Structure formats: C-alpha cells, structure tokens
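Engineer: What follows is a predicted structure for the sequence shown.
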Amino acid sequence: MLLMQSGSENANPIIPPVWEATTLLAGLAIAILFIAALISIIRNKHQTPVGTARWILVVLAVPVLGPLVWFLAGNRSSRTSPTAS
C-alpha cells in the first residue's frame, strides 16, 4: 500500500497552500510593478539623463516603494512643465 500515497505528502505542514499561492501572486505583482516602473522611467522623454539615473537608482534601492513613488509622483512631475512666457 505504500505505492498509493496521496498528493498531500509533498505539502508543507507549516504553511497552508493558500498562503503559498498568495505569496507567489504578491511576488509576481511586485516584479511586474518593478519592471513596468523601470520601462516607464527609461521611455520617459521629459526627464533629463541625470533625472532618469536618479529615478532608476531610487527604484533599484527601494524595490517596492520606489516604483509606487514613481507612478504616483515622478511620472506626473515630468508631465507638468512650466510654460515659458
């Protein structure tokens, strides 16, 4: 009867499968946000090269908060440029 074992043998007895799936999805969402922020920073034509380098360093230094700050504040600040009179 050792040949007929259930699939729950390989399951982690400490961490429920729901938490493993939630952690995997959260990690995937963070990775997508991180990559999207880097692509958005690189493609932004309104930033100076120094500004682009600074934003890339911020996103690399703070992988979760950096992309959020870019999409909430940095991306908008590059769109609103003062009009020359």
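Structural biologist: Sure, I can see it. All figures in this text were calculated on a predicted structure; none of them were measured in a lab.
Engineer: contacting residues for residue 33?
Structural biologist: Under the criterion of C-beta atoms under 8 Å, 6 or more residues apart in numbering, the neighbours of residue 33 are 64, 67, 68. From N, CA and C alone the C-beta is placed, and that goes for glycine too.
Engineer: show me what contacts the second one?
Structural biologist: This points to residue 67. So residue 67 contacts 33, 34, 36, 37, 59 (C-beta under 8 Å, 6+ apart).
Engineer: Could you do the last one as well?
Structural biologist: Applying C-beta under 8 Å, 6+ apart to residue 68 gives the contacts residue 33.
Engineer: Among the contacts of residue 67, which ones are in helices?
Structural biologist: If you go by DSSP state H, the contacts of residue 67 have 33, 34, 36, 37, 59 in helices.
Engineer: what about the helices in this protein?
Structural biologist: Using DSSP H, helices in the chain cover 17-43, 49-61, 65-69, 75-79.
Engineer: from the chain's centre, how far out does the first one sit?
Structural biologist: To tie it back to what came earlier, the one meant is helix 17-43. Computed by C-alpha atoms, centre = their mean, to the nearest Å, the chain-centroid distance of helix 17-43 equals 4 Å.
Engineer: Can you point out the buried residues in that helix?
Structural biologist: By neighbour count on 16 or more other C-beta atoms under 10 Å, the buried set for helix 17-43 is 33, 34, 37, 38, 40, 41.
Engineer: Just put the helices of the chain in a markdown table and tack on distance to residue 10.
Structural biologist: A markdown table is the format used below for the helices of the chain (distance: least, C-beta to C-beta, whole Å):
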| stretch | distance to residue 10 |
| --- | --- |
| helix 17-43 | 11 |
| helix 49-61 | 36 |
| helix 65-69 | 35 |
| helix 75-79 | 44 |
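Engineer: Would you reformat the ones you listed as JSON lines and include mean pLDDT?
Structural biologist: Listed next are those as JSON lines, based on pLDDT from 0 to 100:
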{"stretch": "helix 17-43", "mean pLDDT": "93"}
{"stretch": "helix 49-61", "mean pLDDT": "94"}
{"stretch": "helix 65-69", "mean pLDDT": "93"}
{"stretch": "helix 75-79", "mean pLDDT": "63"}
